[in-house]
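# mind looking at a prediction? Sequence and model below.
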There are 2 protein chains.
Amino acid sequence: MSTAYERFTAHIAELSDILNSISILKWDARTMMPPGGAVTRGAQLATLSRLAQEHFISSTTARLLDEAEREIAGEADDSYHRRAVEQTRLYHDIIRRIPLDLVSEKAALEPVSEGVWAEAKKNNDFAAFAPYLEKQVALAKRQAEAVGYSEHPFDALVFEYEPSMTAAKLAALFADLKTGLLPLLSAIVANDQPLERDLWAADFPIDQQKAFALEIARQYGYDLSRGRLDIAPHPFEISFTRQDVRITTRYHANYLPMALYGTLHETGHALYEQGVDPALTRTALTLDFLGKYPVGGTSYGVHESQSRLWENQIGRSREFWEVHFGRLRHTFPEQTEGVTPGLLYRATNRVRPSLIRVEADEVTYNLHIMLRVEIEMGLLDGRLRVADLPEVWNAKMQEYLGVTPPDDARGVLQDIHWSGGGFGSFPGYTVGNVMSAQFLEAAHQQVDGLADSLTGGDYAPLRGWLTDNIYRHGRAFSGEELLVRSTGRPLETDPYLRYLESKFTGLYNLPG
Amino acid sequence: MSTAYERFTAHIAELSDILNSISILKWDARTMMPPGGAVTRGAQLATLSRLAQEHFISSTTARLLDEAEREIAGEADDSYHRRAVEQTRLYHDIIRRIPLDLVSEKAALEPVSEGVWAEAKKNNDFAAFAPYLEKQVALAKRQAEAVGYSEHPFDALVFEYEPSMTAAKLAALFADLKTGLLPLLSAIVANDQPLERDLWAADFPIDQQKAFALEIARQYGYDLSRGRLDIAPHPFEISFTRQDVRITTRYHANYLPMALYGTLHETGHALYEQGVDPALTRTALTLDFLGKYPVGGTSYGVHESQSRLWENQIGRSREFWEVHFGRLRHTFPEQTEGVTPGLLYRATNRVRPSLIRVEADEVTYNLHIMLRVEIEMGLLDGRLRVADLPEVWNAKMQEYLGVTPPDDARGVLQDIHWSGGGFGSFPGYTVGNVMSAQFLEAAHQQVDGLADSLTGGDYAPLRGWLTDNIYRHGRAFSGEELLVRSTGRPLETDPYLRYLESKFTGLYNLPG
């Protein structure tokens, strides 16, 4: 006879299979599918999504969950079994609060709204998009009311991406960051000077770019027997269990950093997914009940902390370029004639206030996020109206970054997120940045000789610490819990600001 | 209010979506998936297969089917609506006889068994594969007993691929063929003489091979906005609706015909799938209820008749090489120095008793099939044991073809079919060969100037006739019905034997 927990787990494993199949179809649609397949692929995704929903809200789930809860009641609070059951209960309760007509209204609006947004961006026509954004805001408010919250409607939405975050916590986090970031940015801008030469004017053949980046990904620890790298216009990582974790990047023939850092960013996500305890495969602890992905990690923020850590803190370090300079020279001998590791370090860390979030450097990136999150909160609590957005956007850009978009296409219309109703997802990027430094500082304190191993290009000790403290647990612990368990502290901005100040004080010869 | 037929169709469309999702997962597993993904992919396939099965045998299907049957009772016997309902009823009756645990056992075993087979073939280690083949035979026997049959368990299995075939009918077909083929083969072998030169000693870069073959596929009519060509060790065609029809091939750097004719063979399958009436998308008439593929065509035999027709009767004709010789010379100028269309025609039509089915010529091919079908029948009725297979295989090869494999990799392990449990599929190849000549003979009788258009490299008139008479109907008519409707005759071997005798009498200067 099987236990109640085993029966519960077998049932959830099927849900996991359906959700992973959906992810395979999405990966294919973004990388391999011929254009003619788009319409029927939509039908396939809609059918599988409905099957997943039916499976999860079925009476079978309710019964197996009740039985499993009774059985695991005596287990330790932090046992995987207990966590799996508790998380299933949590999301089972949430999902049942959302009316079916809201779900179908959102699903029906999404492709229309995204289409209108794409046109509006092309034509620099915010007014055309505004009515659809109004609808998305209205649906988001209904969603927040249905799910419930104690203080701010934004709390209900950010929960889907970063369960331990709230509007109030984010406001405090942003205030701390601004105090550190704004003076640093001013000092950098005042001390800016151009590089001696343009490193990226030459032609870097794409096959060689791929080989170069993938070899570093492999050295980071990306297991290619359980992964692969393809091309996508909007790069992403996606997993179908820890056994099959795929990444994508995009290439610019004359600008190596696009593919290189794109690959290393997604590699950070992939290391997380590949590092999950095999025992958690096909369980509630490697499954996003809300149908978001990446699925194997505990939140957007923790996931982003890993992509940022491996892309920026490791990949844009001086040591990184010392280690990989030889192979870069060997792979691209003519293109890198006269280049030095020091020059590469400076070229891949230039700070410049700019208009576009996805092209921003480490110092300005979070300012782009804050302005978006502040606007989302204002839209949800009624302090802002959609019609005011272009003006508010531009004023905040001027205030935080000292630049004003020349048009809405490079301003309020630049990101796809709002057109799909994805309110609440932006904070994950900044939470991830802040976490990444806190984790890395703790790793340095806890792992003997970690700095030396990184200087030598040996990434195994760092990956080992991250696997032990983060990756292996899947979704068993929240971001907040992982931080406290591994660093002894809740989320705090000091390590991140220390990291940025130290790095850029050196790079820009700022007064110490 | 919707009609009963519309409600029935909407329900079947979901089944179509699940089955097409399964096909996407299978395509991915064979072309893109990293090796580590095999085990969890098996779980995903098993769950989706079970969902498809549950969807189809549900009380909803039974009710909608009853209602639709009453509604379409007055329609013409050959209307698509009536055929869709009748086929659903037929397979609904069959599939409800197959236990759910058998379905999921088969689905879970397939990727594992295929992986073991691939290793065993690489290592020439039949013993490693034998236990998995035993499991597949046991599952096939359970399947045959569950489905039922009147004479031979093989009848229940061949029905899945070629509904109008039985073990007894195949025996008669094989006897007819042997009467024509064996004397022809003897005469050819007696008159064999080596070619003046070896055409394939040079190096043919794979990118150029791909471009050359794909351009001919495009000229045949393969629509790349609804298709793509990838590499697979065992080439196949697969579709996820007519909007997304993919082919694969494999390359040999020194042997152009492998990739070329592999591509043209799969293109024949793809033309069939892409040519289905758009109105049949996501209906019972482009759906294999038994979860086999290619799904949009009516049977393996009819499908194979199209791959063979475009590969062999068109692709290995003298006219083909007259048309494409110029581009071959242009693409591979050094490699084809001194080559003529006549030499290419002879080189791509050499008849030689050989070890490998997929490399066999048109005259010996069916002997490879007969040997496999006889072995399958023996495994199913207990006259043969898995352990005896290498010995039995080699003895039959000697008897039919006069050659003995030097190892099992080039013998009993050469084909993937049995590792996936595909018993009953081999007869389709020979049925397809026979049909292809019957269809092409009819097309020549019915389309004015068809020979001239083929000589000029214009494939549209032939594709048009095939689309009208075969492709557009999807699964609405059986192979036997398509033959009678378009040629006025049931399946007969005379056109096929006439074609072979005429072609090879010329090629080998045989007495007329």
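Perfect, I can see it now.
# contact partners of stretch A:314-329?
The contact list for stretch A:314-329 (C-beta atoms under 8 Å, 6 or more residues apart in numbering or on different chains) reads A:212, A:215-216, A:220, A:260-261, A:264, A:336, A:339-342, A:344-345, A:348-349, A:362, A:454-457, A:459, A:462. Using the backbone N, CA and C atoms, a C-beta is placed for each residue, glycine as well.
# sort out for me which of those are in helices.
A:212, A:215-216, A:220, A:260-261, A:264, A:341-342, A:344-345, A:454-455, A:462 (DSSP state H).
# can you select the buried ones among these for me in PyMOL?
For the buried members of the ones in helices among the contacts of stretch A:314-329, the matching PyMOL selection, counting by 16 or more other C-beta atoms under 10 Å in any protein chain shown, is:
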select buried, chain A and resi 212+216+220+260+261+264+341+344+345+454+462
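# export the ones in helices among the contacts of stretch A:314-329 to JSON lines and tack on distance to residue A:355 and pLDDT?
JSON lines is the format used below for the ones in helices among the contacts of stretch A:314-329 (distance: C-beta to C-beta, whole Å; pLDDT from 0 to 100):
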{"residue": "A:212", "distance to residue A:355": "29", "pLDDT": "98"}
{"residue": "A:215", "distance to residue A:355": "34", "pLDDT": "98"}
{"residue": "A:216", "distance to residue A:355": "30", "pLDDT": "98"}
{"residue": "A:220", "distance to residue A:355": "31", "pLDDT": "98"}
{"residue": "A:260", "distance to residue A:355": "23", "pLDDT": "97"}
{"residue": "A:261", "distance to residue A:355": "19", "pLDDT": "97"}
{"residue": "A:264", "distance to residue A:355": "24", "pLDDT": "98"}
{"residue": "A:341", "distance to residue A:355": "30", "pLDDT": "96"}
{"residue": "A:342", "distance to residue A:355": "29", "pLDDT": "95"}
{"residue": "A:344", "distance to residue A:355": "25", "pLDDT": "96"}
{"residue": "A:345", "distance to residue A:355": "25", "pLDDT": "97"}
{"residue": "A:454", "distance to residue A:355": "34", "pLDDT": "98"}
{"residue": "A:455", "distance to residue A:355": "36", "pLDDT": "97"}
{"residue": "A:462", "distance to residue A:355": "34", "pLDDT": "98"}
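# of the ones in helices among the contacts of stretch A:314-329, closest to residue A:440?
residue A:462 (8.0 Å; C-beta to C-beta).
# how near is that closest one to residue A:439?
Using C-beta to C-beta, to the nearest Å, we find residue A:462 at a distance of 10 Å from residue A:439.
# report whether the longest helix along chain A contacts chain B.
In terms of residue count, the longest helix belonging to chain A (DSSP H) is helix A:4-31. Yes - legend: contact between helix A:4-31 and chain B by C-beta under 8 Å from any C-beta of the partner chain is shown at A:13-14, A:17-18, A:20-21, A:24-25, A:28.
# what about residue A:237, how many residues nearby?
Neighbour count of residue A:237, defined by other C-beta atoms under 10 Å in any protein chain shown: 25.
# how about the helices in the stretch 201-350 of chain A?
A:206-220, A:256-274, A:300-308, A:318-331, A:341-347 (DSSP state H, counting those that start in this stretch).
# quick one: the second one to helix A:318-331, angle?
Using axes from the mean of the first three to the mean of the last three C-alpha atoms, to 10 degrees, one finds that helix A:256-274 and helix A:318-331 are set 120 degrees apart in direction.
# separation between residue A:458 and residue B:206?
37 Å.
# same check on residue A:436?
Distance from residue A:436 to residue B:206, by C-beta to C-beta: 42 Å.
# of these two, who's got more company?
Taking neighbours as other C-beta under 10 Å, residue A:436 and residue B:206 compare with residue A:436 leading, 27 against 14.
# the helix or strand harbouring residue A:482 - contacts with which helices or strands?
Assigning secondary structure by DSSP states H and E places residue A:482 in helix A:479-487. On a contact count with 3 or more C-beta pairs under 8 Å, 6 or more residues apart in numbering or on different chains; DSSP states H and E, helix A:479-487 meets helix A:300-308, helix A:427-446, helix A:460-469.
# give me the buried positions along the last one.
For helix A:460-469, burial by neighbour count (16+ other C-beta under 10 Å) applies to A:461-467, A:469.
# returning to what we had before: tell me the buried residues in the longest helix of chain A?
Buried, per 16+ other C-beta under 10 Å, within helix A:4-31: A:4-5, A:7-9, A:11-31.
# mean confidence for that helix?
Across helix A:4-31, pLDDT averages out at 96.
# what of stretch A:102-120?
Here the average pLDDT along stretch A:102-120 is 89.
# tell me the helix or strand right after the helix holding residue A:482.
By DSSP H and E, the next helix or strand past helix A:479-487 is helix A:494-507.
# having no further points to raise, I will conclude here.
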